[in-house]
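K.L.:
Provided below for reference: sequence and predicted model.
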Amino acid sequence: MSQIPKSHPRYQSLMTRETISKAMKQGIVHETGLIAHGRGEAFDYLLGETTIPQADAAEKVAAAALLCAKNPVISINGNVAALVSDECISLSESIPAALEINLFHRTSTRVRKIATFFHNKDIKTLYGIHPDARIPGLDSDRALCEQKGIFTADVVLVPLEDGDRCQALVGMGKTVIAIDLNPLSRTAQSATITIVDNVIRAIPQIERWVHKLKKTKQSEQERLIRSWENSKNLENIMCFLSKRLNSLC
Ligand code: PTJ
């Protein structure tokens, strides 16, 4: 890793870049994952690099949906493995939910590297290594999944996603929770619950809500899910962004 002084005003952001760049050199992150990260950074800047109230509201409903699910699955790609592996494991244990590796740029080497990375962290179940099903309507390798995992899941959490699979999963009748800093992306627009926040903040915040909501009745969790209006929340996020930009000029 490069030597970044702790006093640097962009220390956290630069360290995250170092982490993702190191993971790319290790073959966990695909090289285009760096481009995706840069795009995310730009949107995060506009949001003020904070969890805005609309994102927190979505994180709360996401926690409710995961708790009420029969077979919830958290999808893992290269960027997610690099940035929030421990947080995803912790969230999966709190719900409980399964983890499944699902890659856009899928090669057996990358799958193996990511699987080893997770197995070294001592997790029990990790799907996606031996796919035995395909998500209908998808030509890319993103379609490859496991029967016991994403294929039969009723709720899928897809942090950092490409739009096609999000739409295909919604088309299969699943509740799709997307985490995407770009509120205009096809993923953000087509998910059932869109969290416009950085995965680094979003995953721990969903887990905080999981612990809080576990203390409430299931009927209360179901009420939260029923009353969720995703397009309204996205509209409010666009208003937040435009007000923030307006206030600067
Ligand atoms: O590991 P693979 O092979 O599955 O590939 C993963 C990437 C991310 C390369 C692949 O899914 C991809 O190309 O994604 P896109 O289409 O570039 O979309 C990524 C989205 O994630 C963009 O809308 C970014 O704004 C957003 N994003 C990037 N970093 C973050 C993020 N959202 C939340 N938190 C981030 N840290």
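P.N.:
The structure has been received and is ready for your questions.
K.L.:
can you list the weak-confidence ranges in the chain?
P.N.:
For the chain, the stretches flagged by pLDDT under 70 are 1-2.
K.L.:
which parts of stretch 219-228 are buried?
P.N.:
Across stretch 219-228, burial judged by 16 or more other CB atoms under 10 Å covers 221, 224-225, 228. For every residue, glycine as well, the C-beta is placed using N, CA and C.
K.L.:
Output it in PDB with nothing but the alpha carbons.
P.N.:
The C-alpha trace of stretch 219-228 is given here as PDB (Å, rounded to 0.1, in the frame of the first residue of the first chain):
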ATOM      1  CA  SER A 219     -46.600  -7.400  11.700                       C
ATOM      2  CA  GLU A 220     -44.700  -4.100  12.200                       C
ATOM      3  CA  GLN A 221     -42.000  -5.200   9.800                       C
ATOM      4  CA  GLU A 222     -44.600  -6.200   7.300                       C
ATOM      5  CA  ARG A 223     -46.300  -2.800   7.600                       C
ATOM      6  CA  LEU A 224     -43.000  -1.100   6.800                       C
ATOM      7  CA  ILE A 225     -42.500  -3.200   3.700                       C
ATOM      8  CA  ARG A 226     -46.200  -2.700   2.500                       C
ATOM      9  CA  SER A 227     -46.000   1.100   2.900                       C
ATOM     10  CA  TRP A 228     -42.700   1.500   1.000                       C
END
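K.L.:
who touches that stretch?
P.N.:
Around stretch 219-228, the neighbours that count as contacts under CB atoms under 8 Å, 6 or more residues apart in numbering are 60-61, 64-65, 67-68, 175, 193, 213.
K.L.:
Report the contact partners of residue 61.
P.N.:
193, 224-225, 228.
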